[in-house]
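# Dropping a prediction and its sequence here:
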Amino acid sequence: MNDSLHLWLIPLFPFAGFLLNGVLGSRLPKWLVTTIALLTPLWSFAIVLSAARGLLGFGATLPSLPFVETCPVGWIDAGALHIGFSFVLDQLSLVMLLVVTGVGLLIHVYSVGYMAHEDGYWRFFSYMNLFMFFMTVLVLAGNALVMFIGWEGVGLASYLLIGFYFQKNSAADAGKKAFIVNRIGDFGFLIGIFLLLANFGTLTFSEIAGKLAAAPAWQGGVLTAIALCLLVGATGKSAQLPLYVWLPDAMEGPTPVSALIHAATMVTAGVYMIARTHAIFDRSPFALGIVAIVGAATALFAATIGLVQNDIKRVLAYSTISQLGYMFLGCGVAAYSAAIFHLMTHAFFKALLFLAAGSVIHALGGEQDLRKMGGLRKKIPVTFWTMTAAVFAIAGFFPFAGFFSKDAILYAAFLHGPGGKLFWFVGVVTALLTSFYMFRLWYLTFLGESRSHDVHPHESPWSMLAPLSILALLSIGGGWIGMGRFGTFLAPVVGMSASEGGSTQLEILLSIVAVAVALLGWLIADRLYRQRPESADNLAAAMPAGYKLLINKYFVDEIYGYTVVKPLLAISQYVLEWVVDVAILGGATWLLAGTAQFAGAILQRWQSGNLRSYAAWLALGAAVVLLFFLLPATLGMHVSGMGR
């Protein structure tokens, strides 16, 4: 291990699992499919854990970081352009790998119980392993092109997993929607890559950072253009305004898919990419400002929609969008370590929320409507207590994990220049809404009278409960991991935040405000859904316009449908149907058919079966042949005679 970390093995194992189950899974016994599906991410996690132990001094000594492994065979060599296929392990990629492989492994284990009776069991785990392969490639990428391979790969795997129940039109449509919307963002990322190559002559992140460090006066301009293009890619992958619309529909996939892709891994790729390319964003205050605005606006916007949603998974989906907004806000105020810290803790409690929701759905025989739940606290106690830990964590109560990471972002925002106070205020209001809608979900699901009929709730198997218990412990104590150390640990990669070393008294005061706001959200939810359950309906009836706006998600999908989708369909229909089909293909077909028909009519007259007609045609043909040969000679003699 002292000589090499063998980083290439981390993505290789999940890829092997994908191949084995993808090619042979339909013919293998179920226990062997399960073994392959679990062992391959386990080996990857073991390698990452070994590297982490070495870095922290608990194992063999690691090579100095960053550690780079490059494929010895040249990848792209064209003239002066040389791009190698390289993997990099540094403090940032190590944290991401621990999240992706660790939480991903727990979700794989959970899936064994959740998907036990589903058709296509082997296909599901094949796709899950494929996703893990591409996600680890994305995280380990040493240059933008390798990252783009992983970036596109997780998009493909996400499409396959979201549309796993492809017999359902809603699932198939959701998969297509995610794929198409992400292509919009990916186009921006690709333009950013071209601009990087044109202006730096390299796509290697460390070389780009080195060239920027050697040119301290280089600010704005083309760097702003590059940063904004990268931001477009990040908004697509991390579901920010205006490209967030795919994520709520992605809940059509199995619940473990929601936990893996849309809570712990893929949707955080945009945040990770911004942190990885922070050297470019740091040279463009304008681009950073846009990142902060997008994050704050998305956090508040999605939180308002989450207030009234009735599908348990869709509440969590809008919560994910909102929490990703917090991470973007952290990046926008140059508090990259705080954003990554929240990324990590969010992976713990949001994966737990989705998996606990899956346990609730499993207990109720597939029911997802909050209005048909209630009274489950004593019937599924392990699910109740683990989900309770996640609810308190996302609401930001001390000492749960979400308290530390969310407050680090809010504190950094408060100290960020003239607009920082506004960003902080938006974040605090979002925290109030988050606490309210999460406790609303908690009350409607577990407390009060049961509203489920003809269903006998039952606790999930331990293959599902064990991952819930581990994630609950991480949601409770995971925040202490980064307490006072996370920023220092990531500083060699992302630098120190301006909030590092600030006023302790101010930080404590702002934390008290944040906890008080979370408590207020809980009290409001308690009032509406426990003390006076009829109050919520009365409040909705008193404000019908506002309720209709929120329950219909501000009609954004409908607006996109009328302004983008339908015009494109109409144009496509006109172009394809009238220009391509009728004019070009139809015209060509008519011309060919008419030519064949005309030629056939002539040939039909020739082939009359009449011997005298054949003899006449034969004579006419012979005359034409003779005329063809004799006429030039006759004309030649005539011209020659005139010359004399």
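Arrived safely.
# buried stuff in the helix or strand where I47 lies?
Here I47 is covered by helix 30-55, with elements defined by DSSP states H and E. Applying a neighbour-count criterion of 16 or more other CB atoms under 10 Å, one finds 33-34, 36-38, 40-41, 43-45, 47-48, 50-52, 54-55 buried in helix 30-55. C-betas here are computed from N, CA, C, even on glycine.
# All the helices of the stretch 401-550 of the chain, residue numbers only.
When assigned using DSSP state H, counting those that start in this stretch, the helices of the stretch 401-550 of the chain occupy the ranges 401-414, 420-446, 462-477, 486-494, 504-526, 534-542, 544-551.
# Buried deepest among those helices, which one?
Between the helices of the stretch 401-550 of the chain, the one whose residues have the most neighbours on average, counting mean count of other CB atoms under 10 Å, is helix 401-414 (a mean of 28).
# neighbours of F67, just the number please.
Each residue near F67 was counted by other CB atoms under 10 Å, and the total is 18.
# pretty sure it is in contact with D90, am I right?
Yes: between F67 and D90 a contact is recorded at 7.5 Å, counting by CB atoms under 8 Å.
# so where is the stretch 351-500 of the chain shaky, pLDDT-wise?
Along the stretch 351-500 of the chain, the parts satisfying pLDDT under 70 run over 483-484, 498-500.
# cool, and the stretch 501-644 of the chain?
Using pLDDT under 70 as the threshold, the predicted model of the stretch 501-644 of the chain has low-confidence ranges 501-502, 576-578, 603-612, 614, 617, 631-644.
# and what of the stretch 151-300 of the chain?
In the predicted model, the stretch 151-300 of the chain carries pLDDT under 70 at residues 263-264.
# Which stretches in it count as helices?
Along the stretch 151-300 of the chain, counting by DSSP H, counting those that start in this stretch, helices occupy 169-200, 205-213, 222-237, 246-249, 255-259, 269-276, 278-281, 285-306.
# Among the ones you listed, show me which one is buried the most.
Using mean count of other CB under 10 Å, the stretch among the helices of the stretch 151-300 of the chain with the largest mean neighbour count is helix 255-259, at a mean of 28.
# who does it touch, helix- and strand-wise?
When contacts are defined as 3 or more CB pairs under 8 Å, 6 or more residues apart in numbering; DSSP states H and E, helix 255-259 sits against helix 91-114, helix 312-332, helix 336-363.
# Residues in contact with that helix: which ones?
107, 110-111, 114-115, 128, 161-162, 164, 250-251, 313, 316-317, 350-351, 354-355, 357-358, 361 (CB atoms under 8 Å, 6 or more residues apart in numbering).
# just to revisit the earlier point, of all the helices of the stretch 401-550 of the chain, which one is nearest G17?
helix 462-477 (17.9 Å; CB to CB).
# Other residues contacting that closest one?
Outside helix 462-477, the residues that touch it by CB under 8 Å, 6+ apart are 103, 106-107, 109-110, 112-114, 345, 348-349, 351-352, 355-356, 358-359, 362, 382-383, 385-387, 389-390, 393, 399-402, 459.
# And those residues, which of them are buried?
Burial of the contacts of helix 462-477 was assessed by neighbour count (16+ other CB under 10 Å); the buried members are 103, 106-107, 109-110, 112-114, 345, 348-349, 351-352, 355-356, 358-359, 362, 382-383, 386-387, 389-390, 393, 400-402, 459.
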